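J.: this one's sequence-less:
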């Protein structure tokens, strides 16, 4: 009996020691790792990559032109990227292709996404290759080789596509498209290609007229702007492109409805980004730079000189990108 008690005591000590070693807890997180495939055999291969949205057929490579924004809304340019792949073990060994997009500064623009296999659609991939040839993204020799290899009877190549979108607020510069083709056993091949997202200068206004209302002779009258696109009576200007820009402003002579007397644009002025310029009879370039996708207030004033006859005067104001 004493031997049994001593044995139980030893077991109890062992159990308590084990519990102390593991630590008392209600939940736990542990690291998990595994080596998955990719240790033998031949990897697939990327034959070619290109972006089919070439807005400049003269300059080599692909140039993508942004679409100007509209008011407070961004505009998106959507385009397709294509990759042609092969595999020493046969194209049946290819599982899929993954893609990522990087900004000109190297930061990730879009996370990894899976491309669509279009090999089974000869009409689509032939049209793609036709357009790529016209844009000088592939040579005639490559075109013929790809048409041959993608043919269902030959089954030597696969073509994948993926769509990307960039807005008018995305920076211009050289973007990098990354592709990774993976086979059944985890072997993969990586490649990158670049395209240019072009600079765009465009402006938008939330107003179509400047109405000074009732104005007294020799008294300055303001029409003050704001940064709210929903208040057209308070002028707002916006850079709808992706590159900082300057503007010039010029007024026309204003003519009275009844007496046809003219009011010189020297009586007009404009204020933007802290700069106030008087006399708009000539184009005036303002020093401030409008930043991309940023609503900015712009203000106008008028001061009719002594001797201006009472009347309703009308004219125009020209606002241009420098």
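T.: Received the coordinates, thanks. What you see is a predicted model; the values in this text were computed from it and never measured.

J.: what about the helices in this structure?
T.: 2-22, 122-134, 140-150 (DSSP state H).

J.: Which elements pack onto the last one?
T.: If contacts are counted by 3 or more Cβ pairs under 8 Å, 6 or more residues apart in numbering; DSSP states H and E, helix 140-150 sits against strand 45-52, strand 76-86, helix 122-134, strand 158-167. The way it works is simple: take the backbone N, C-alpha and C, and place the C-beta from them, glycine included.

J.: give the contact list for residue 69.
T.: By Cβ atoms under 8 Å, 6 or more residues apart in numbering, residue 69 lies in contact with 75, 167, 168, 169, 202, 204, 238, 240, 241, 293.

J.: where does it sit relative to residue 63, distance-wise?
T.: Using Cβ to Cβ, to the nearest Å, one gets 20 Å for the distance from residue 69 to residue 63.

J.: And for residue 112?
T.: Counting by Cβ to Cβ, the gap from residue 112 to residue 63 is 25 Å.

J.: out of these two, which sits in the busier spot?
T.: residue 63 (18 against 11; other Cβ atoms under 10 Å).

J.: Wait, that one touches residue 195, no?
T.: Yes. Using Cβ atoms under 8 Å, residue 63 makes contact with residue 195 at a distance of 7.2 Å.

J.: which residues do these two both contact?
T.: Common neighbours of residue 63 and residue 195 (Cβ under 8 Å, 6+ apart) do not exist.

J.: The stretch 101-250 of the chain: strands as residue ranges?
T.: 108-114, 116-117, 158-167, 173-183, 188-197, 203-205, 221-223, 236-239, 247-251 (DSSP state E, counting those that start in this stretch).

J.: Residue 299 is nearest to which of the ones you listed?
T.: strand 221-223 (6.3 Å; Cβ to Cβ).

J.: which other residues reach the closest one?
T.: Applying Cβ under 8 Å, 6+ apart, the contact partners of strand 221-223 are 210, 211, 212, 213, 215, 234, 235, 299, 300, 301, 302, 303.

J.: List the pairing partners of it within its sheet, with orientation.
T.: Looking at strand 221-223 with DSSP bridges, its partner strands are strand 295-302 (antiparallel).

J.: Okay, angle between the strand it pairs with and strand 247-251 too, please.
T.: 20 degrees (axes from the mean of the first three to the mean of the last three Cα atoms, to 10 degrees).

J.: So for strand 295-302, mean pLDDT?
T.: Throughout strand 295-302, pLDDT has a mean value of 97.

J.: Would you pull up how far it lies from the middle of the chain?
T.: 29 Å (Cα atoms, centre = their mean, to the nearest Å).

J.: And stretch 102-122, by the same measure?
T.: Distance of stretch 102-122 from the chain centroid (Cα atoms, centre = their mean) equals 14 Å.

J.: ok, and for that stretch, which residues are buried?
T.: Residues 102, 103, 104, 109, 115, 117, 118, 119 are the ones in stretch 102-122 that count as buried (16 or more other Cβ atoms under 10 Å).

J.: what sits against residue 289?
T.: So residue 289 contacts 244, 245, 246, 273 (Cβ under 8 Å, 6+ apart).

J.: Distance of the third one relative to residue 224?
T.: From residue 246 across to residue 224, the span is 21 Å (Cβ to Cβ).

J.: Next: the first one.
T.: In this structure, residue 244 and residue 224 are 24 Å apart, going by Cβ to Cβ.

J.: which regions of the stretch 51-200 of the chain sit below the pLDDT cut-off?
T.: Regions of the stretch 51-200 of the chain meeting the criterion pLDDT under 70 are absent.
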